[in-house]
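Peer 1: Could you work out the structure for the sequence below:
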Amino acid sequence: AYIEEIAAAVLRRWPGTLELPEAEALAAFRTVGTALMFDEIKTSLAAFGTHFDVYFNEKDLHEQGDLEAAVARLREGGHVFQDAGAVWLRTTDFGDDKDRVLVKSDGSWTYFTADCAYYLNKRSRGFERVVIMLGADHAGYVGRMRAMAACFGDDPDTHLEILIGQLVNLVKDGEPVRMSKRAGTVLTLDDLVEAVGVDAARYALARASVDTVIDLDIDLLTRQSNDNPVYYVQYAHTRLCAVQRRAQAAGIDKGAPQDFDPRLPSHDREADLLAVLAEFPQVVAAAATLRQPHRVAHYLERLAGTYHRFYDVCRVLPRTGEEPDDLTCARLWLTEASTLVLRNGLRLLGVSAPERM
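Peer 2: Predicted coordinates:
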């Protein structure tokens, strides 16, 4: 159905398109239609809080002669041969289960040739490590991609990193939401955002390892309860902000950061909170190095729970009529540190950190 919508949009922009000769009309629909779809993709990504520095069109590789250049480079390395009228890359020399066709017997390029050209393009732009995300249905490409890098003279372990993304399933009322193009029930990123909101959608996708199948429960992600992980973390941030607002309203001056005395917090729950806070830099570094942002999400949930347990047994603000003491100030610094880490962690995931909910 969306093909008809695109065609109608093209005609609104260029009403006389159907009056052109067929070849020109087809070219116009293709050019304008592609541009309209690409604009929609960018709009959807922007609304989701995702921005790319560079958009690269495979068409540019063909027009710039990059495919010919890539094959020539591979031929110079002695890895190209001809058989049955086709041009092949001898990837079996580098662990692939079979050799791969670069140019078919009818003279047309294969998709793999474009992959080769794009890899070489990125390396020529100065990137030392090319990270490629593949869908689960393309897991079989790993062997040929690693062999391709080796054919170019690179070390696949150094210059190439391949991540496999699994499928995302939506669940509502305990039942999977079916996605079938034939049935006309295609679900888009816009649909997900409309159903649960940007924060819940981003957090839910980020908190699952990319190499596992993700089940997104729409009912859970719209629920304002501790069962909803994004609500749990965001609510913890608002609770901490509220504590600090009450302290400010009471005129409590906790001093400067250097006044914090680490000997004062002596309760086990205080020690637990200090220990979890100290882990944050290491968690972020591991998440970046291993390409596993879910580590940050799981850490934030652990920090939120640790602070709640601390707050339940350690009085932060003095009772009515009591004067704040050094321990009050120390616990307020623990609260501020927890707030800062929660806020920074959510920001790393592209999720907001509300001060009130």
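Peer 1: mind checking how far Arg100 is from Gly345?
Peer 2: For Arg100, the distance to Gly345 (C-beta to C-beta, to the nearest Å) stands at 43 Å. C-betas here are computed from N, CA, C, even on glycine.
Peer 1: more neighbours, those two?
Peer 2: Comparing Arg100 with Gly345 by neighbour count (other C-beta atoms under 10 Å), the higher total belongs to Gly345, at 24 against 20.
Peer 1: and the strand or helix carrying the more buried one, how far out from the chain's middle?
Peer 2: Using DSSP states H and E, Gly345 sits in helix 326-348. Taking C-alpha atoms, centre = their mean, to the nearest Å, the mean C-alpha location of helix 326-348 is offset from the chain mean by 26 Å.
Peer 1: now for that helix, which elements pack on it?
Peer 2: Judged by 3 or more C-beta pairs under 8 Å, 6 or more residues apart in numbering; DSSP states H and E, helix 326-348 is in contact with helix 229-249, helix 268-289, helix 294-313.
Peer 1: Out of those, flag the one nearest Thr110.
Peer 2: Thr110 lies closest, by C-beta to C-beta, to one member of the helices and strands packed on helix 326-348: helix 268-289, at 34.1 Å.
Peer 1: the inter-axis angle of the closest one versus helix 326-348?
Peer 2: Relative orientation of helix 268-289 and helix 326-348, computed by axes from the mean of the first three to the mean of the last three C-alpha atoms, to 10 degrees: 20 degrees.
Peer 1: what's helix 268-289 in contact with?
Peer 2: Residues outside helix 268-289 that contact it (C-beta atoms under 8 Å, 6 or more residues apart in numbering): 262, 265, 292-296, 299, 302-303, 306-307, 309-310, 312-314, 331, 334, 337-338, 341, 344-345, 348.
Peer 1: again with stretch 49-69
Peer 2: 38, 42, 45, 109, 113-114, 116-118, 120-121, 198, 202, 350.
Peer 1: where does Leu334 sit relative to Ala286, distance-wise?
Peer 2: 24 Å.
Peer 1: Now for Ile162: which residues touch it?
Peer 2: With C-beta under 8 Å, 6+ apart, Ile162 has these contacts: 131-134, 141-142, 145-146.
Peer 1: What is the most widely separated pair among the residues you listed?
Peer 2: The two members of the contacts of Ile162 with the most space between them (C-beta to C-beta) are Met133 and Arg146, at 15.2 Å.
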